[in-house]
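S.K.: Curious how this folds, go ahead:
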Amino acid sequence: MGGLNLVGVHFRDLISSPYHSNGFIDNKTIHGGLVQYFNECYASFDALDREINLRMLVSSLQGMYEGKYLEHKIAGLLIAYEYFLTKYLVKLGHRIEEVKNLSIQDKLSRLNSHMRFIPSRLLGDTLRQDVRNALFHTGEIPLIPFEQKLEIYNEYFDLLIQIILRSLGYTGKYISPANYKVKDLL
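M.R.: Numbering: from 1, shown residues only. Prediction:
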């Protein structure tokens, strides 16, 4: 007979960033949202956590999400994409040597061949060329207008949340960090 596993869930509102004010799934704007999420996803979350250290990724995303400076948030978002895409593609059966040699955009396209929901405009070269290279290679990120940086950040952060929720098997609604509206997963 299996042992009894006690699970505790603790929710805190530590959000201090000027860029957002809501969670991703709640019971206030999404009726039964948290209950549905835990019922659908706990086993998947636990399995992914053991395979790719998902708790570390979520903790990293929380720190990035609460960040004060948009350039730091973008850097954290790129690191989160690289971490998740690399680990998840390997989990899906891709060889680590192959995945390590892919660009961030190629990893995203490869993931889309499995998930098949990412809009084509987000599969172009924007994330690699206009964001990653501008931040880490050419140093042009300070020259990009604030509104454009915020739009890119919001769009790709929203996409990463959708990717993670889909990887967990969640099928309900979520609150988009891009516009704070309740949306169905794509």
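
S.K.: okay, and the helix or strand of this structure with the least pLDDT?
M.R.: In the chain, the helix or strand scored least confidently by mean pLDDT, DSSP states H and E is helix 134-136, which has a mean of 70.

S.K.: where exactly do the helices run in this structure?
M.R.: 33-52, 54-65, 70-91, 96-100, 104-115, 134-136, 146-167 (DSSP state H).

S.K.: then the first one to CSV, C-alphas only?
M.R.: Once non-C-alpha atoms are left out, helix 33-52 reads as follows in CSV (Å, rounded to 0.1, in the frame of the first residue of the first chain):
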residue,chain,number,x,y,z
GLY,A,33,-9.7,28.4,-11.9
LEU,A,34,-7.3,27.3,-9.2
VAL,A,35,-9.3,24.1,-8.4
GLN,A,36,-9.3,23.2,-12.1
TYR,A,37,-5.6,23.9,-12.4
PHE,A,38,-4.7,21.7,-9.4
ASN,A,39,-7.0,18.9,-10.4
GLU,A,40,-5.6,18.9,-14.0
CYS,A,41,-2.0,19.7,-13.4
TYR,A,42,-0.6,18.6,-10.0
ALA,A,43,0.6,15.2,-11.2
SER,A,44,2.1,16.7,-14.4
PHE,A,45,3.8,19.5,-12.4
ASP,A,46,5.2,16.9,-9.9
ALA,A,47,6.6,14.8,-12.8
LEU,A,48,8.0,17.7,-14.7
ASP,A,49,9.6,19.1,-11.5
ARG,A,50,11.4,15.8,-11.0
GLU,A,51,12.5,15.7,-14.7
ILE,A,52,13.5,19.3,-15.4
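
S.K.: Quick one: mean pLDDT over stretch 160-170.
M.R.: Averaging pLDDT along stretch 160-170 gives 89.

S.K.: contact partners of it?
M.R.: 24, 36-37, 40-41, 44-45, 48, 57, 61, 77, 80-81, 84, 88, 111, 115, 117-118, 174, 176-177, 185-186 (C-beta atoms under 8 Å, 6 or more residues apart in numbering). From N, CA and C alone the C-beta is placed, and that goes for glycine too.

S.K.: ok, 7 Å please
M.R.: 24, 37, 40-41, 44-45, 48, 77, 80-81, 88, 111, 115, 117, 174, 177, 185-186 (C-beta atoms under 7 Å, 6 or more residues apart in numbering).
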